[in-house]
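# Sequence plus predicted model, see below.
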Amino acid sequence: MRKDIRYNVIIDGDEFRRAQAAADAAADLPEDQIDPEAFYVSQPWERYNAENHEVWATLVRRRLETLEEEASEVFLTGMRLLGLDKDRVPRVSDVNDRLRSLTGWQSRGVPGYLPAKAFFACLAKRQFPTTITIRPKELIDYLPEPDIFHDVFGHVPLHADPVFADFLQTYGRAALHTNDPYHIERLARLFWFTVEFGLIREHGRVKLYGSGLISSIGESPHALLSPDVDRRPFDMDRVCDTPFEIDHYQPILYVLESFEQLRDAMNDYAERVLDEASVAA
Ligand SMILES: [Fe+2]
């Protein structure tokens, strides 16, 4: 039985409930009526306690020990451009001040789980739904759901890169506007094998960029070095045809040659998806 874990619930009760209700309701709305502003929440930064800041600092320190070697230079450049605080949970508003002039992306606090269409509606507006709670110390090594470490440390540095930034928005637009189960499943696989678990070749070496790998101390060496991992060259159709498995280390990963490759493949796919969606409408 799961023991009682003590979370620091920093979000105000009423604001949280209103935002979650709006997010849940978005599941039944037509795409053009989904308004992400209704389900964003503020980040009451002063409510983080000493344990929260310590967990952030410990996670960042542990990951930086190897990421300089393991991570994509695009990710590392993004991290430097954002000036992420290494000692304390970052203020999302500080991150957004930096992002605004770089790519126009913004991180926006959300109360928790968003229905898929609500999530895509945010991406289509260059807004990244960001969990603002942080894992308790007892779960420092593994938390199944996202927290601010996974979302801000793991995802957001890539949003500082103009090419990745365009890819992610185009992804959001395509995923928002298709209602074809075939494309919905394929786009979920694409997200998994790129945004969450993607690898990229830089200067002849395979590096990490997916947030699930960036934020995981255990899976990174496995992804890069294990002979049990099938590292395949990125190919849009092949990625979209590959089912993924959760809850254990990934046996199949896809390696990009560049983020331009991903952006261009996404542009082609989005054109097809959006054409089909407009014919169906
Ligand atoms: Fe993620």
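Arrived safely, thanks for sending. Numbering: from 1, shown residues only.

# what's the neighbour count on Ser101?
8 (other CB atoms under 10 Å). Quick note: C-beta positions are derived from backbone N, CA and C, even for glycine.

# and the helix or strand hosting it, what does it pack onto?
Ser101 belongs to helix 92-102 when assigned by DSSP states H and E. Here helix 92-102 touches helix 73-82, strand 106-110, going by 3 or more CB pairs under 8 Å, 6 or more residues apart in numbering; DSSP states H and E.

# looking at the ones you listed, which is closest to Ser93?
Comparison of those against Ser93 by CB to CB identifies strand 106-110 as nearest, at 9.1 Å.

# Give the buried residues for the helix or strand just after that closest one.
Toward the C-terminus, strand 106-110 is succeeded by helix 116-124 as the next helix or strand (DSSP H and E). For helix 116-124, a neighbour-count test (16 or more other CB atoms under 10 Å) marks Lys117, Ala118, Phe119, Phe120, Ala121, Cys122, Leu123, Ala124 as buried.

# before we move on, back to that, in the helix holding Ser101, what's buried?
Those would be Val92, Val95, Asn96, Arg98, Leu99, for helix 92-102 by 16+ other CB under 10 Å.

# Of these, which pair is most distant in space?
Within those, two members stand farthest from each other by CB to CB: Val92 and Arg98, at 11.0 Å.

# in the stretch 151-281 of the chain, which spans are strands?
199-202, 205-208, 230-233, 252-256 (DSSP state E, counting those that start in this stretch).

# pLDDT on the first one, on average?
So the one you mean is strand 199-202. The average pLDDT within strand 199-202 is 98.

# Can you spell out which helices and strands pack onto that strand?
strand 205-208, strand 252-256.

# And the residue nearest in space to the middle of the chain, how far from Val110?
Taking CA atoms, centre = their mean as the criterion, His155 is the residue nearest the geometric centre of the chain, at 4.4 Å. Per CB to CB, to the nearest Å, His155 is found 13 Å from Val110.

# With Val74 instead?
25 Å.

# Same list (the strands of the stretch 151-281 of the chain) but as a markdown table, adding mean neighbour count and distance to Ile34.
Shown next, in a markdown table, are the strands of the stretch 151-281 of the chain (neighbours: other CB atoms under 10 Å; distance: least, CB to CB, whole Å):
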| stretch | mean neighbour count | distance to Ile34 |
| --- | --- | --- |
| strand 199-202 | 20 | 32 |
| strand 205-208 | 18 | 32 |
| strand 230-233 | 13 | 35 |
| strand 252-256 | 19 | 30 |
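
# May I see the ones you listed organised as a markdown table, with distance to Gly218 added?
Shown next, in a markdown table, are the strands of the stretch 151-281 of the chain (distance: least, CB to CB, whole Å):
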| stretch | distance to Gly218 |
| --- | --- |
| strand 199-202 | 16 |
| strand 205-208 | 13 |
| strand 230-233 | 18 |
| strand 252-256 | 15 |
